[in-house]
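Novice: What shape does this take:
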Amino acid sequence: MVGLFPFMKQHKFLIAVLLLFSFFTPSHAGDIFNSFWQEYPRSGKIESNGLNYSLDHLELLRASRNDTLLSRYTIRQQHIKCTQKLKDINYRIDYHRNILDINDLFNNDYTRSTIKPDIQTIEGKIQFRMGHYLLIPGLGFSFSTFSDTLFIKKYPVSEERIYNDYFFDLLPGTFGDSILYNNTYNKFNSNLYIERMNATRGFSLYLDYSITHNKLNERHWNLGDVNQLQGPRESLVHFKTINFNSLVLLKVDTNAVLKLGMTFNHTPIDWSHTVFPNDPDTLEIIKLNSGKLNSFSGTFAYAHTNTKTNFDLSLRFGRTGGSSHLATPVLGYVFSILPIAHQGDITLTTHYIQFRSHIDHSFNMGIFELTPRFDIISGYYFSHLNALALLQFGIEDINIDKQYQHIAIFASPGINSKFFLNSDLHINLNISQLIPFIKQLKPEPIPVEPGNIKYYGGLSISMGVGMTW
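Specialist: Okay, here's the model as predicted:
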């Protein structure tokens, strides 16, 4: 806790994470590639028989000291899609494999790891008509399991002796030089698309519900000087996320559509010790973290489409908030009887409003089809951060109560291209570049010291081959 709050005074990482959650939470698991801005759920209408394969590379916002292509935090995805039209019922099966290359996040001055999560997703949809209505129900399941070791190269220290005596100097003995961890992830998703439209009028409704469980189990060995604390230690972090999306589309004429959307997300967090030291009489902190994250957003949009050009404008508003109570394990004892442990509370709430515009236009040149596109999102963010660290043995408590205002502008030019080898076989290449601009308005930020950190936007590349019959 002592090391956390001085870092939070800088607040930039915390705000950046919040912005990433606001911008990059995809509305559907399979829409993360091809473009950074898949803001609306796709209906996934099955209109032809075919088989498609794509390999996708997506970079996210990050800062890096090691300025190489290999050091960039990325998501790599393989995607296989099979669709088949039958007489009365059509079906589609999707398979995704996401490989998250985030090694550099943990390879720094303090830690080293080779973490590379691998997430696989299987989705299925069927399409049929019931009277005047087109219905497309779907189910999906995602899963991942991986294990690795986090090696600790060194621990931080403070210039003030009291912080070292009652916190930093106790960390090496408490956690050792390595932490073994195992992560299991699974997600169940169900959705339903209903449509009743003709050439000039109609409506559609999209509903999506998902529940996600993520369990991170860590193990380490306490090697400190206190006999009561020595021995194996194990704790479990459990995230359970419930997410609900809804979208209504109203077709007002041949080329115009109004869209009304709502998204809700709730995530309780629990981090607890599950294995204790050998001495059953040892006083220990069982609950290390208890908290929750909640978000809500609404969207209103207008879209205009024709055979070659698509254009839409949208207004999005929402709230993201989280609260957490954190505690350290027992780090040691004073006079062999007084346990050393620290705790604190954090609450962060952000209200935001975003404006988005998108335009694309298709050019058909025989065996080539090119579709340049351009997206831009501008947002205004009001954040309130309240953090209180309750520290022991003469260490001054830390209390932060601040309000922040940020503006953010994200532009994303890109192009989709399709090359037809023959009437049944084609190759796709889609590229998008992310150009970010984020500025803190209040309070005035502390000038950044010159350094060798490189800042990047993002890059999305998708290559694939498709076949229809």
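Novice: Give me the packing partners of the helix or strand where residue 213 lies, helices and strands only.
Specialist: Element membership for residue 213, per DSSP states H and E: strand 202-222. When contacts are defined as 3 or more C-beta pairs under 8 Å, 6 or more residues apart in numbering; DSSP states H and E, strand 202-222 packs onto helix 171-175, strand 178-197, strand 231-251. The way it works is simple: take the backbone N, C-alpha and C, and place the C-beta from them, glycine included.
Novice: who touches the shortest one?
Specialist: When contacts are taken as C-beta atoms under 8 Å, 6 or more residues apart in numbering, the neighbours of helix 171-175 outside the stretch itself are 152, 155, 220, 222-225, 229, 329, 331-332.
Novice: So which bits of that helix are buried?
Specialist: Under the neighbour-count criterion of 16 or more other C-beta atoms under 10 Å, helix 171-175 has 171, 173-175 buried.
Novice: Dump these into CSV; add distance to residue 98 as well.
Specialist: Shown next, in CSV, are the buried residues of helix 171-175 (distance: C-beta to C-beta, whole Å):
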residue, distance to residue 98
171, 34
173, 38
174, 34
175, 30
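Novice: tell me the helices in the protein, going along the chain?
Specialist: Per DSSP state H, the chain carries helices over the ranges 4-8, 12-24, 161-166, 171-175.
Novice: residues contacting the closest residue in space to residue 469 that isn't next to it in sequence?
Specialist: Closest residue to residue 469 apart from its sequence neighbours, by C-beta to C-beta, 6 or more residues apart in numbering: residue 49 at 5.1 Å. Going by C-beta under 8 Å, 6+ apart, residue 49 touches 83-85, 468-469.
Novice: ok, so of those, who is nearest residue 185?
Specialist: Within these, the smallest distance to residue 185 is 27.6 Å, found for residue 83 (C-beta to C-beta).
Novice: hey, what's the closest one bridged with?
Specialist: For residue 83, the beta-bridge partners under DSSP bridges are residue 50, residue 92.
Novice: Wait, it touches residue 94, no?
Specialist: No - using C-beta atoms under 8 Å, residue 83 makes no contact with residue 94, being 9.3 Å away.
Novice: which other residues reach stretch 126-141?
Specialist: With contact meaning C-beta under 8 Å, 6+ apart, stretch 126-141 is reached by 29, 43-46, 88-92, 94, 121-125, 186-196, 210.
Novice: how long is that stretch end to end?
Specialist: Stretch 126-141 has an end-to-end distance of 16 Å (C-alpha to C-alpha, to the nearest Å).
Novice: and the closest residue to residue 321 other than its chain neighbours, how many neighbours?
Specialist: Leaving aside its sequence neighbours, residue 321 sits nearest to residue 349 (C-beta to C-beta, 6+ apart; 4.1 Å). Residues lying near residue 349 (other C-beta atoms under 10 Å) number 17.
Novice: can you check residue 155 too?
Specialist: So residue 155, with other C-beta under 10 Å, has 16 neighbours.
Novice: and if you look at residue 224?
Specialist: Neighbours of residue 224 using other C-beta under 10 Å come to 19.
Novice: what do you get for residue 273?
Specialist: For residue 273, using other C-beta under 10 Å, the count is 16.
Novice: wait, isn't it in contact with residue 234?
Specialist: Yes - with contact defined as C-beta under 8 Å, residue 273 reaches residue 234; the gap is 7.2 Å.
Novice: All good on my end, thank you.
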